[in-house]
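K.L.:
make a model of this:
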Amino acid sequence: MDKLVDSESIKDLRHYISVSGKIVLTCHVRPDGDAVGSTLGMMHLLRSLGKEATVVIPDKAPGNLSFLPGFKEMGVFTCHPEFCKKTVEEADLIICCDFNTPSRQDSLAPVIQNAKCRKVLVDHHQEPDRFADLMISYPDMSSTCELMFRLIAGMGFYGEMGLDSATCILAGIITDTRNFTVNCKNPDLYEILVRLLEKGVDKETIIKEALNTRSFWSLKLEAYAISEKLEVFPSHRAALITLDKDELERFHYEKGDSEGLVNRPLEVKGMVYSIFLREDPDCIKVSARSCEGFPVSEICKNLYGGGGHLQAAGGEFHGTLQECRKILIDAMPDYDRYLKNKK
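P.N.:
Residues are numbered from 1 along each chain as shown. Predicted coordinates:
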């Protein structure tokens, strides 16, 4: 399984780990299952090797991931900045997981980038910036957790992987593939699943907690968004959901409550891509998903300075929600050329 990853990268990573005592793992702002799973999964593995490993994240992770082993041990920069700064400054090695550019870390970025120690990137997003000493980037991977498992196996540490590490890694794979329904064409991924199950991982619990458990208000928010805010554009085979700050407040919005909402319009027959615009305090957050190979990454890159994967991307817009919506609708005809079976 490790044959897809460059052997020199595996060798270098093992060396960096072997000569490091204190190791920090970090990820992107608004961390999702793959970000939390990859950092915590490697943290547990490193601790089994006798390393002092700590996870430092830019801001709070969603509550649906709180079941993961080590969740409460993570240093949250927006909550405990001095602890996080001190931990980063004392590190011998920093492993950056699941982001392709420093700006994805928001206010934590300068702390990580100014650290004097070596840095390693482990990521699966397109077009990474070269900000680390060792760049391990594979956009074809289903998730950073898949890549992390391959690295662990390639370094010869599968035997040292315990249940906690395996649980976190599988949680990241399950959330990024939505339980093996997207981005999972490589048969090796199912072999990885078997290897993780051999560690005793409870797959059913991961699915229930990470994908199928939510708060009352989160469910109410989704019901409102679909019944009242969903717009479809049949000629462009597109769907759009917008939620402003007043609507979010009405449904007591908390971080993670809208997770997965952008996917729901793709259940409508004939829809090829879906865009979700959410009014956050500092910007309009753009999330995009698609099927049939439609490149929503191009929309996010061209219109909102973002990017991501071909069929799963995001961006940010600094302006009003109405302006953000208008830019998208006006640009829809420009992307009709990517529709394989235009109706």
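
K.L.:
going forward, measure contacts and count neighbours with C-alpha atoms only.
P.N.:
Noted.

K.L.:
show me where the chain has helices.
P.N.:
7-18, 33-48, 81-89, 109-113, 144-154, 163-177, 188-197, 203-206, 216-224, 245-250, 296-304, 321-331 (DSSP state H).

K.L.:
elements contacting the third one?
P.N.:
Using 3 or more CA pairs under 8 Å, 6 or more residues apart in numbering; DSSP states H and E as the contact criterion, the secondary-structure elements in contact with helix 81-89 are strand 75-76, helix 109-113.

K.L.:
hmm, who's touching that helix?
P.N.:
Contact with helix 81-89 is made by 24, 54, 56, 75-77, 94, 111-112, 115-116, as judged by CA atoms under 8 Å, 6 or more residues apart in numbering.

K.L.:
how near is residue 219 to residue 213?
P.N.:
10 Å (CA to CA, to the nearest Å).

K.L.:
before we move on, what about residue 202?
P.N.:
With CA to CA as the criterion, residue 202 and residue 213 are 16 Å apart.

K.L.:
equivalent analysis for residue 193, please.
P.N.:
In this view, residue 193 and residue 213 are 22 Å apart by CA to CA.

K.L.:
give me the more crowded residue out of these two.
P.N.:
The residue with more neighbours, out of residue 193 and residue 213, is residue 193; 19 against 14, by other CA atoms under 10 Å.

K.L.:
dump the residue contacts of that one.
P.N.:
Residue 193 makes contact with residue 170, according to CA under 8 Å, 6+ apart.

K.L.:
per-residue confidence for it?
P.N.:
pLDDT, residue 193: 97.

K.L.:
and it, how far from residue 322?
P.N.:
Counting by CA to CA, the gap from residue 193 to residue 322 is 43 Å.

K.L.:
same deal with residue 119?
P.N.:
Applying CA to CA, the value for residue 119 to residue 322 is 40 Å.

K.L.:
who has more neighbours, those two?
P.N.:
residue 119 (23 against 12).

K.L.:
what's across from the more buried one in the sheet?
P.N.:
Listed beta-bridge partners, residue 119: residue 94 (assigned using DSSP bridges).

K.L.:
and the pLDDT for it?
P.N.:
Confidence score, pLDDT, at residue 119: 98.

K.L.:
before we move on, what about the one 4 residues further on?
P.N.:
We have a pLDDT of 97 for residue 123.

K.L.:
next: residue 183.
P.N.:
Residue 183 carries a pLDDT value of 82.

K.L.:
list the residues that contact it.
P.N.:
Residue 183 neighbours (CA under 8 Å, 6+ apart): 141-142, 177.

K.L.:
partner strands of the helix or strand of the chain with the lowest mean pLDDT, with direction?
P.N.:
Ranking every helix and strand in the chain by mean pLDDT, DSSP states H and E puts strand 307-308 at the bottom, with a mean of 84. Taking DSSP bridges as the criterion, strand 307-308 forms sheet pairs with strand 312-317 (antiparallel).

K.L.:
so how far is the strand it pairs with off the chain centroid?
P.N.:
Once both centres are worked out by CA atoms, centre = their mean, to the nearest Å, strand 312-317 turns out to sit 12 Å from its chain's centre.

K.L.:
now do the closest residue to residue 126 other than its chain neighbours against residue 220, distance only.
P.N.:
Spatial nearest neighbour of residue 126, chain neighbours left out: residue 139 (5.5 Å); criterion: CA to CA, 6 or more residues apart in numbering. For residue 139, the distance to residue 220 (CA to CA) stands at 35 Å.

K.L.:
for residue 163, see how far away residue 195 is.
P.N.:
Applying CA to CA to residue 195 and residue 163 gives a distance of 11 Å.

K.L.:
higher neighbour count, these two?
P.N.:
Shown here are residue 195 and residue 163; by other CA under 10 Å, residue 163 has more neighbours (20 against 15).

K.L.:
ok, the residue lying closest to that one once chain neighbours are set aside - contacts?
P.N.:
Counting by CA to CA, 6+ apart, residue 163 lies nearest to residue 199, which is 5.6 Å off, once chain neighbours are set aside. With contact set as CA under 8 Å, 6+ apart, residue 199 has these partners: 161-163, 166.
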